[in-house]
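Asks: This is a predicted model, with the sequence first.
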Amino acid sequence: MKILLVFATLVAAACGEQLFVGDQVLRITASSEEQIALLRALGEQAELQVDFWLDPTSPGHPADLRVPFPSLQAVKIFLESNSISYSIMIEDVQELVDEEKKAMMKSRRIERSTRTFDFASYHTIDEIYDWMDMLVDDHPSLVSKIQIGQSYENRPLYVLKFSTGGSNRPAIWLDTGIHSREWITQATGVWTANKIAKEYGQDPSITAILDSMDIFFEIVTNPDGYAFTHSSNRMWRKTRSINAGSHCVGVDPNRNWDAGFGGAGSSSNPCSETYRGPYPHSESEVKAIVDFIRGHGNVKSVISIHSYSQMLLFPYGYKTAPAPNHQELNELAKKAVSDLAIVYGTKYTYGSIVDTIYLADGTTIDWAYDNGVKYSFTFELRDTGRYGFLLPSTQIIPTATETWPALLDIMIHVLEHPY
Amino acid sequence: SAMELPPSHHRANRAAALAAGYVCYRRGSPGRGLRLRTVRRAGRRDIDGVGPKYHLELVLEDIVDEDSTVNCTAEVLYHLGNKNIAPDVQFTIEGELKNTDEADNIFYSQIKSLEKELVAENIPDSHGHVSPEMEPIRLLAWVASGYVMWQNSTENTKFQFAQIKHVKQVKRSDEYLEFDYMILLHEMVSQEIIPWQMTVLWHPQHGVQVTQDSRQPKHASE
C-alpha cells in the first residue's frame, strides 16, 4: 500500500510540482472503538486534507495518516487531547520522494555504466562525480562520500572516505587536482581510488593500512578551475574567485595556506599564477580542507598530488631550514621513488621543496607539517616537459600504476610509525 | 671560486634547460627535437663584472625517440648587469646525432607541394594527442622555441615548450619554408603560461631560424 502511494506521489513530483514539503506521515494506534470513530471523522474533515495510507480498522492496529504541513499542528493537538497515541513515521514526505527519485535515476545510470568507466581517458567533472557515486555503490561497506564544503562557484567539494570501521581512526589525507590544469593528477586520483577499493582484502599492504587507518581522498580539489580547463582555458591553474579591484581572476590554492604566508615564494599580484590571495585560507577550497583536517584531529599524513616534473617533495618550501625529521622524510622519499622507478624506469628526483624546485610559501604540505602532520609529501607526476600539462591520455594508467607503490611505501611507513 | 652543485639543484636545472634549448635550436629540425634528459654534473662560478657561469655535463634525448641520447657539455654565462644580452652558451656534443635527412626532405616536399597554406591549432590538443602529420610542425616549433628561451632566460627562469595555439604557413617564392606560430611557453619559476609569436624559417640545408618574435599579452579569457 505504502509503495503504491509513494509511487503516486512520485508521479506527481515528477510532473515538476513539489507537493509534499514538510508533510508528515503519522503512525496512529487507536486503543478503543471510540478512538477509531474519532480518527475516521478526522479523515472526513475536508479542510485538513489528510489522507490515510493505512486505514484505521480496529483498536491496536496501526493506521498511517499523511498530514499536510499546514494541518500538522491541528492534527497533533487533536490526537493528544484525545489521548490517541501516535509516532512520526515519515518526517518529511518530500525528502523521501526526492530520495526515491534519485535512487531510481542512479540505478539506471549504474546499469548503463558500471565497470565500463574508461580509466585511460580524461573525464569531465560530472563524469568524475558520477563515477564516485558508482564507486560508493560498488563498495558500500568500505567507501563513502562526504562533502567538506563548496567551491567559490558553489560546486560541492567531495571527499571519498575509505574506512573499515572504528571511530576517528588515524587517517591519511590524499588530494589531486588542486591545480586544475594538472589533468594527470585527477585522472590518477580516480584510478588510485578505484585501486584502493579493489585491493582491500587482496593486497596485504593496503589491507593492513585500512584495517587500522582511514583514507580521505579529495580527487577534484579545485572543481571551478577544472571546469574552466574544459570550457575555456586548458592552462588554468588557480581557483576562479573574483579579486576585488582587479580584472584578474583566481588565487593559487597552493600559496594560500597559512604557513610562511606572504613571503617571496608567492605573489601579491592578482594577475599572477602564484597569487597568494588576500589572506590565508581566503579560498573556500582551501578553508574546507583546513577545517576538515583540524576538525578531524587525527590526520597523520597529507599527500598532495601535482604535476609535472617527476619529483617527490617534502617540507619546507617557505624556508631553507630543514624540517626536524628531514632525515626520515628524505629516506622515505628515496625508497618511494626507487620503488616507483622499478615499474617502468621512470626517474624521479626528491628532496625538500625549497632545495628541489624553488622557494614557495603558503603551500599545503608546509601548513600540514606545521600543524603536526609529520608525514607530508607532494608528488609532481609525469612528465619532465616533453608534454608537460598536456600529458597524453595513453600515459594515465602507466603513471597511476607506477605511483601506486610509492604511495603504499609512504602509507605503510605512516602505519608503522604511529605518533 | 668554483662551486660544485648537486645535479638535482634547481639552479643547475635552470641553466641546463637553457643550454638544452640553445643546443636544440642550433641542431634541431622538423625531424629532430632535442631535450634535456639528465644533468650529470654541474658547477658554478662567478665571472667578475659579468655574472654567474655554469659548467654542465648533460644527457640530451631525442623528443620522438627517447632511447636516442647524446652526451653534451655546455657552459652558460649569464650577463647579470644587462638584461638585454642573452646568456652566452657554448656546447660540445659527444658523438653523432641521429641523421634525419630523409624525414626532413619528405616533410619539405610535402609542405612545398601544398596548394593551400597549412593552418592548424592546439598541438598537442587538451588530451596530449598529436596527429602523425603534425609531428614535424610540432618539432619545428619546439626547436624554434629554443631560440626564444635562450634569448629570454635569466638565472630565475626555466622555460618549457607547452603548446602550439595556432600555426599558419606563409608561402614564399624562395626555397625556404615559413611558418607563423603562436605558441605557449610554460615558465616554471613563476608558473606563467606565456603566449609568444614567432616567425620561423626552415630549409633542410640551412637549419631553423627565428626571424621575428614577440611576447604576447595573456589570454583575454583570463
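Replies: That came through, no problem. Since this is a predicted model, take the numbers as computed values, not measurements.

Asks: What parts of chain B come near chain A?
Replies: For chain B, the residues in contact with chain A (CB under 8 Å from any CB of the partner chain) are B:8-10, B:17, B:35-36, B:38, B:63, B:124-129, B:160-163, B:184, B:186, B:188-193, B:218-219, B:221-222. Quick note: C-beta positions are derived from backbone N, CA and C, even for glycine.

Asks: How many neighbouring residues does A:Ile365 have?
Replies: 25 (other CB atoms under 10 Å in any protein chain shown).

Asks: and A:Ile128, what helix or strand is that in?
Replies: According to DSSP states H and E, A:Ile128 maps onto helix A:125-138.

Asks: Show me what that helix is packed up against.
Replies: helix A:93-113, strand A:143-150, strand A:156-162, helix A:183-199, helix A:223-231 (3 or more CB pairs under 8 Å, 6 or more residues apart in numbering or on different chains; DSSP states H and E).

Asks: want to throw those into a markdown table with distance to A:Ile209 and mean neighbour count?
Replies: Converted to a markdown table, the helices and strands packed on helix A:125-138 look like this (distance: least, CB to CB, whole Å; neighbours: other CB atoms under 10 Å in any protein chain shown):
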| stretch | distance to A:Ile209 | mean neighbour count |
| --- | --- | --- |
| helix A:93-113 | 28 | 14 |
| strand A:143-150 | 14 | 15 |
| strand A:156-162 | 9 | 20 |
| helix A:183-199 | 9 | 23 |
| helix A:223-231 | 27 | 23 |
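
Asks: These: which one's closest to A:His247?
Replies: helix A:223-231 (15.9 Å; CB to CB).

Asks: which phi and psi does the residue in the stretch 101-250 of chain A positioned nearest to chain B have?
Replies: When scored by CB to the nearest CB, the stretch 101-250 of chain A has A:Met235 as its residue closest to chain B, at 4.5 Å. Per-residue torsions, A:Met235: phi -100, psi 20 (degrees, to the nearest 10).

Asks: Give the burial count for it, as a bare number.
Replies: 23.

Asks: Distance of the closest residue to it other than its chain neighbours relative to B:Ser153?
Replies: Excluding the flanking residues, the one nearest A:Met235 by CB to CB, 6 or more residues apart in numbering or on different chains is B:Ile193, at 4.5 Å. Separation of B:Ile193 from B:Ser153 (CB to CB, to the nearest Å) stands at 17 Å.

Asks: ditto for A:Gly388
Replies: For A:Gly388, the distance to B:Ser153 equals 17 Å [CB to CB].

Asks: Which elements pack onto the lowest-mean-pLDDT helix or strand in chain B?
Replies: Lowest on mean pLDDT, DSSP states H and E among the helices and strands of chain B sits strand B:3-5, with a mean of 93. Packing contacts for strand B:3-5, counted by 3+ CB pairs under 8 Å, 6+ apart, involve strand B:34-47.

Asks: and the next element down the chain from the strand it packs on?
Replies: Later in the chain than strand B:34-47, the nearest helix or strand by DSSP H and E is strand B:51-62.

Asks: The helix or strand following that following strand packs against which elements?
Replies: Per DSSP H and E, the first helix or strand lying C-terminal to strand B:51-62 is strand B:69-77. Helices and strands touching strand B:69-77, by 3+ CB pairs under 8 Å, 6+ apart, are helix B:10-27, strand B:34-47, strand B:51-62, strand B:88-94.

Asks: now the first one, how far from the centre of its chain.
Replies: Pointing back at helix B:10-27 there. 8 Å (CA atoms, centre = their mean, to the nearest Å).

Asks: Show the average pLDDT along that helix.
Replies: Along helix B:10-27, the predicted confidence averages to a pLDDT of 95.

Asks: For the one residue in chain A that gets nearest to chain B, give me its contacts.
Replies: With CB to the nearest CB as the measure, A:Pro392 is the residue of chain A nearest to chain B, at 3.4 Å. Contacts for A:Pro392 were tallied using CB atoms under 8 Å, 6 or more residues apart in numbering or on different chains; they are B:124, B:127-129.

Asks: try 7 Å this time
Replies: B:127-129 (CB atoms under 7 Å, 6 or more residues apart in numbering or on different chains).

Asks: Now for A:Thr192: which residues touch it?
Replies: A:400, A:404, A:407.

Asks: Can I take it that the residue nearest to A:Met235 is in a helix?
Replies: No - judged by DSSP: H, G, I helix; E, B strand; the rest coil, B:Ile193 forms no part of a helix; its state is strand.

Asks: Quick check: it touching B:Gln163?
Replies: No - using CB atoms under 7 Å, B:Ile193 is not in contact with B:Gln163, being 8.7 Å away.

Asks: So if I had to pick from these two, which one is more boxed in?
Replies: Shown here are B:Ile193 and B:Gln163; by other CB under 10 Å, B:Gln163 has more neighbours (27 against 23).

Asks: after whichever strand or helix holds that one, next one along is what?
Replies: Using DSSP H and E, B:Gln163 maps to strand B:159-170. Tracing the chain C-terminally past strand B:159-170 and defining elements by DSSP H and E, one meets strand B:177-187 next.

Asks: contact partners of that following strand?
Replies: For strand B:177-187, the surrounding residues in contact (CB under 7 Å, 6+ apart) are A:235, A:388, B:108, B:111, B:140-141, B:144-145, B:148, B:157, B:159-170, B:172, B:193-203.

Asks: switch to 6 Å and redo it
Replies: Applying CB atoms under 6 Å, 6 or more residues apart in numbering or on different chains, the contact partners of strand B:177-187 are A:388, B:111, B:141, B:145, B:157, B:159-160, B:162-170, B:172, B:193-202.

Asks: Cool, thanks, talk later.
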